[in-house]
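S.K.: 3D model of this:
(one chain, ligands or ions: 1)
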Amino acid sequence: MKKIILTGDRPTGRLHLGHFVGSLRRRVELQDSGEYDRIYIMIADAQALTDNADNPEKVRQNIVEVALDYLSVGLDPAKSTLFIQSQVPELCEFAFYYMNLVTVQRLQRNPTVKTEIQLRGFSENAVEGDTQQKQGIPVGFFTYPISQASDITAFKATTVPAGEDQEPMVEQTREIVHKFNATYGETLVLPEILLPDNAACLRLPGTDGKAKMSKSLGNCIYLSDTADEVKKKVMGMYTDPDHLRVEDPGKVEGNTVFTYLDAFCRPEHFLQYLPEYASLDELKAHYRRGGLGDVKVKKLLIAILNEVLDPIRERRKYFEGRIHEVYDILRRGSEEARRTAAGTLDEVRTAMKINYFSDAALIEEQAKAYAPKSNALDKPTAEPNSLELCRGEKRCMKMNA
Ligand code: TRP
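M.R.: I've put the predicted structure just below:
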């Protein structure tokens, strides 16, 4: 069986280090591994609109931001198909049929949707005077896991590289695939999520130590941040609040700087930047004992982050000077994605037997079943009155005109 990747991001802002360690870095590795027959990377603008209906301009402006982030981390349009979700309208049709295979109760149990509803402040018991955000849960938002199942199955994806917050979406997709195949015959491919392999990458905390990087919390380091911005953000990063003096013993667990080092540090970095330590474990041990200041650890992190970000910044600059080309890449990718999705949609319609006009057997069978019995066939059936009436009407209309 072919190995196919599909994944994507909502274009609601620039991508940050959380995206990088959680999925972008992995995508590039997978792309360059040569192990996959096809790779589709989608800018999920339609999904972004499910909770930004009143702000389409935000989504519109961020498509190119996300595309620039993709290209600058090293996604290569010659190897990966980069496309825009809304430009593949076939995806809506899949969702329309899948909706019949999912219950409202099942959607309500989706943990990611639950968290996001709370985060967005959508309320189930809207009262008059609420802001638009509080006026209840948009149906489109509530059903986006089904639309995501369309994204995944339309490309027959076997593999969805994503963060753990996407696990419920892939799980829901698998249920839809099982249900569809059981009901209509083996058609759709069962996907699997591919989670980051390093625990620190599962969910990189924000610079303030909060659970997740998020634009609204202002705790992100962006892929497009300059070296100076990175320095400032790392210097202000949350560490161990009880580690007041250098000689105090410090805590490594829950210490954001160390979590980031877990995600980014490789043994060779020590030789390069801090040769007095052989490994991250040694650095951690010293911090725990006391006698190691935050600034020294932060400086190491700054050096490593800039080493990671420098080539990304360089590629970004290259593509920023070629925005027309970026849109061409997305247009060609979307055309290709559309062809693939249309092919799968054909199979879905055939399996569901809603392909009437190409179903010659159905038409033949019904023609036979409905045909008048043999003796009536001797002379051609007369035109029904209604047809004559139609003609008559037309004549009348002409006369009136
Ligand atoms: N839900 C994903 C996010 O919020 C974006 C997305 C849409 C996606 N469709 C997808 C991810 C299909 C993986 C597969 O980032």
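
S.K.: stretch 46-66 and the ligand in contact?
M.R.: Yes - Stretch 46-66 lies within reach of the ligand by C-beta under 6 Å from any ligand atom, at Gln47. Quick note: C-beta positions are derived from backbone N, CA and C, even for glycine.

S.K.: shift numbering so it begins at 381
M.R.: Got it, first residue is 381 now, which makes that one stretch 426-446.

S.K.: contact partners of that stretch?
M.R.: Here stretch 426-446 makes contact (C-beta atoms under 8 Å, 6 or more residues apart in numbering) with 389-395, 423, 425, 464-466, 471, 496, 500, 502, 512, 518, 520-521, 524, 527-528, 604, 703, 706-707, 710.

S.K.: now the buried members of the residues you listed.
M.R.: 389-395, 423, 425, 464-466, 471, 496, 502, 518, 521, 524, 527-528, 604, 706, 710 (16 or more other C-beta atoms under 10 Å).

S.K.: so which of those residues sit within helices?
M.R.: If you go by DSSP state H, the buried ones among the contacts of stretch 426-446 have 425, 471, 496, 521, 524, 527-528, 706, 710 in helices.

S.K.: now render the residues you listed as TSV, adding pLDDT.
M.R.: Compiled in TSV, these are given as follows (pLDDT from 0 to 100):
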residue	pLDDT
Asp425	98
Leu471	98
Glu496	86
Phe521	94
Tyr524	96
Ser527	98
Gln528	98
Val706	98
Leu710	98
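
S.K.: filter the contacts of stretch 426-446 by proximity to the ligand?
M.R.: Filtering those for proximity to the ligand by C-beta under 6 Å from any ligand atom leaves 389-390, 528.

S.K.: roughly how far apart are Gly454 and Ala740?
M.R.: As judged by C-beta to C-beta, to the nearest Å, Gly454 and Ala740 stand 49 Å apart.

S.K.: which one's more surrounded, the two?
M.R.: The residue with more neighbours, out of Gly454 and Ala740, is Gly454; 18 against 8, by other C-beta atoms under 10 Å.

S.K.: quick one: contacts for the more buried one?
M.R.: Gly454 neighbours (C-beta under 8 Å, 6+ apart): 408, 411-412, 691-692, 695.

S.K.: now do 7 Å
M.R.: Residues near Gly454 by C-beta atoms under 7 Å, 6 or more residues apart in numbering: Val408.

S.K.: for the chain, list the residues in contact with the ligand, please.
M.R.: 386-390, 424, 427, 528, 531-532, 540, 542, 546.

S.K.: so of those residues, which ones are in strands?
M.R.: 386-389, 540 (DSSP state E).

S.K.: for this structure, which helix or strand comes out least confident on mean pLDDT?
M.R.: Using mean pLDDT, DSSP states H and E, the weakest-scoring helix or strand in the chain turns out to be helix 765-780, at a mean of 55.
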